[in-house]
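> Fold the following.
(2 chains)
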Amino acid sequence: MTIKEKQDELIADFSLMENWMDKYEYIIQLGKELPLIDEQYKTDDNLIKGCQSRVWLHTELKDGKLFFTGDSDAVITKGLVSLMISALSGHTPKEIAETEIYFIDAIGLRNHLSPTRSNGLLSMLKQMKMYAVAYMAKQAN
Amino acid sequence: MNHISAIAPPLDVARIRKDFPLLQQATVYGLPLVYLDNAATTQKPQVVLDTLEQYYTGYNSNVHRGVHQLSQQATEAYELARKTVAAYLNAEHTQEIIFTKGTTDSINLVASSYGRKFLQPGDAVLISAMEHHSNIVPWQMICEERGAELKVIPINERGELRMDAFSQLLDERVKIVAVTCVSNTLGTINPVKDIIAQAHARNIPVLLDAAQGVQHMAIDVQELQPDFLAFSGHKIYGPTGIGVLYGKQEWLEKMPPYQGGGDMIKTVTFARTTYNELPYKFEAGTPHVAGAIGLEAALNYVKLVGIDKIQQWEEQLQDYALQALQQVEGLRLIGQAAHRAASISFLVGDIHPYDLGELLDKQGIAVRTGHHCTEPLMDLFGIPGTVRASLSMYNTFEDIDKLVAAVHKAAAMLR
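Residues are numbered from 1 along each chain as shown, chains lettered A, B, ... in the order given. Next up is the predicted model:
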């Protein structure tokens, strides 16, 4: 599945949920269920400092593809991190760098990506894209 | 700070709510808004909005230097606003009222101007552990510049100032004490009268941060005797961008101007500038005329309702809220001072305040989450932040019920 197809699938999933509380119920579930990151990677180096909730992101390149793991100290943010990772992880740096990320907006969670939200999610997306670009440059050499 | 009159008839909250158009109109996610973020900013009554509109449509003009009719009208209105503020605080002289951008601006003015004149290497500034960043950072900056030390009055586990420690810290090195009347995070009402008495016994001036004070209780500067007092218009039902610095004339006269520019000068040559008299010495540039007039309308509104009645009503709401919130399983109050006003901070179990705030928002409840610009205080309690509900005159028991129900629901989802 491409990143685009994954995003469309997530949008379809969320369209079935009637109200905000249902959406959040689902996001919280994701946040609670997934052990997202190996504890050894929850380092200050991997910390993306938001104003209110903290986000950790770890990146690995395997067989030409980027794999992300992450975590947050807030459950809702963790759920959103998990959504982001499920859409972007396991793809080539080129695809990650070049695909537009629109699903957060489409499922009505755009305010989580506003710069003033300060939950670290926007910084996380930027960081993912940056890693992808960096690996692309590395592969080109 | 006066105590409430026991015979005051209760507040007609239903009628008051009708004066606030936003409370009538606003919905969030299709739900009626429950606004409990009043410590951040308050909503505005229609009379304030009308006053702003009348100014801009009727007599908008620059003040103090025009010979034309409109300018004189605007000047009169601006200066009348100053008189109203002076009367609201019961200041002895109108020129003791300086219009600023807000509390932060007022404190920066004093820190910078008083600091440059009176702080020497080895001196100290005394603040408290519960101060807002606005009453920490300006002092930190001037202390660094002047080689002075910033000292901090500690608090106890309930979030009250340790007055025993205060008395010990108050030595001859201290050149100014700057404390808040009411903690924006914990709701603690500080014993400012006692603080001022002890400081004055040693000839040390006191600045009061009244950003969370003036809207909740009567403050009479001649009775209380602070040397400086700062507050913001927008937290007392007025416009944003306007604030007040009250300063005793004897201090303000000794202090150098804070900023240079128009209005604050008497004569200017390239060789030398002589400064204008009070209060203009401290109001460089075109002031926020509309803001000042809007603030006057807000203060008149508060006066009309009655600050004693407001205090009495808010105390009832607070007691009700404190009791109801403590029924929520795992909820703990951050700050349990015996004397408190308006702000209630809490956490539920291990739930991150951001998660709780997010789910309260989705249920139509506006609260604030985070460190509330009191990071050192959060570090002291060892928490990343709190959820803070803060009250004002237009809140109701129903608002509290909705808050508590929403906290129950959110906590159940997040546990």
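
> The residue in the stretch 251-400 of chain B positioned nearest to chain A and residue A:69: what is the separation?
The minimum distance from the stretch 251-400 of chain B to chain A, using C-beta to the nearest C-beta, falls at residue B:352 (3.9 Å). All C-beta atoms are positioned from the backbone trio N, CA, C, and that covers glycine. As judged by C-beta to C-beta, to the nearest Å, residue B:352 and residue A:69 stand 20 Å apart.

> Those two: who's more crowded?
Neighbour count, other C-beta atoms under 10 Å in any protein chain shown: between residue B:352 and residue A:69, residue B:352 has more, with 25 against 20.

> who touches that one in this structure?
Residue B:352 makes contacts with A:53, A:73-75, B:384, as judged by C-beta atoms under 8 Å, 6 or more residues apart in numbering or on different chains.

> Which two among the residues you listed are spaced furthest apart?
Greatest spatial distance among those (C-beta to C-beta): A:75 and B:384, at 13.3 Å.

> higher neighbour count, the two?
A direct count of neighbours by other C-beta under 10 Å for residue A:75 and residue B:384 places residue A:75 higher, at 27 against 19.

> Next, the contact list for the more buried one, please.
A:28, A:31-32, B:351-352, B:355, B:414.

> Output the set of residues of chain B in proximity to chain A.
Counting by C-beta under 8 Å from any C-beta of the partner chain, chain B comes close to chain A at B:29, B:351-355, B:358-359, B:362-363, B:369-370, B:384-385, B:409, B:413-414.

> Which members of those are classed as buried?
Among the residues of chain B next to chain A, those classed as buried by 16 or more other C-beta atoms under 10 Å in any protein chain shown are B:351-355, B:358-359, B:362-363, B:369-370, B:384-385, B:413-414.

> Inside helices: which ones of these?
Among those, the ones falling in helices (DSSP state H) are B:353-355, B:358-359, B:413-414.

> What is the nearest of those to residue B:343?
Checking these against residue B:343 with C-beta to C-beta, the nearest one is residue B:353 at 14.1 Å.

> follow-up on the earlier one: quickly note the distance from the residue of the stretch 251-400 of chain B closest to chain A to residue A:97.
Residue B:352 sits 32 Å away from residue A:97, going by C-beta to C-beta.

> With residue B:134 instead?
42 Å.

> Of the two, which one has the most company?
Applying other C-beta under 10 Å to residue B:134 and residue A:97 shows that residue B:134 carries more neighbours, namely 22 against 19.

> can you pull the contacts of the more buried one?
Counted by C-beta under 8 Å, 6+ apart, residue B:134 has contacts B:103-104, B:107, B:209, B:211, B:373.

> ok, 10 Å please
Residue B:134 sits next to B:102-108, B:180, B:184, B:209, B:211, B:230, B:232, B:373 when contact means C-beta atoms under 10 Å, 6 or more residues apart in numbering or on different chains.

> Tell me the secondary structure at it.
Secondary structure for residue B:134, judged by DSSP: H, G, I helix; E, B strand; the rest coil, is helix.

> Which of the helices or strands spans the nearest residue to it once chain neighbours are set aside?
Nearest non-adjacent residue to residue B:134, counting by C-beta to C-beta, 6 or more residues apart in numbering or on different chains: residue B:104, 4.2 Å away. Per DSSP states H and E, residue B:104 falls inside helix B:103-118.

> give me the residue from chain A nearest chain B.
residue A:74 (3.9 Å).

> Let me see the contact set for the nearest residue to residue B:220 once chain neighbours are set aside.
Of all residues not flanking residue B:220 in the chain, residue B:90 sits nearest, at 4.4 Å (C-beta to C-beta, 6+ apart). Contacts for residue B:90 (C-beta under 10 Å, 6+ apart) come out as B:218-224, B:246.

> do the same with residue A:137
Residue A:137 touches A:93, A:97, counting by C-beta under 10 Å, 6+ apart.

> Would you mark the buried spots in the helix or strand harbouring it?
Using DSSP H and E, the element containing residue A:137 is helix A:121-140. For helix A:121-140, a neighbour-count test (16+ other C-beta under 10 Å) marks A:121-125, A:127-129, A:131-132, A:135-136 as buried.

> what does stretch B:134-141 give?
For stretch B:134-141, a neighbour-count test (16+ other C-beta under 10 Å) marks B:134-139 as buried.

> how much space between the residue nearest the centre of chain A and residue B:384?
In chain A, the centroid-proximal residue (C-alpha atoms, centre = their mean) is residue A:84; its distance is 2.5 Å. Using C-beta to C-beta, residue A:84 is found at 22 Å from residue B:384.

> residue contacts, residue 31?
Picked chain A for this. Going by C-beta under 10 Å, 6+ apart, the list of residues near residue A:31 reads A:24, A:71-72, A:74-83, B:355, B:414.

> that answer is for a different chain, and I need it for chain B
A:20, B:362-365, B:402.
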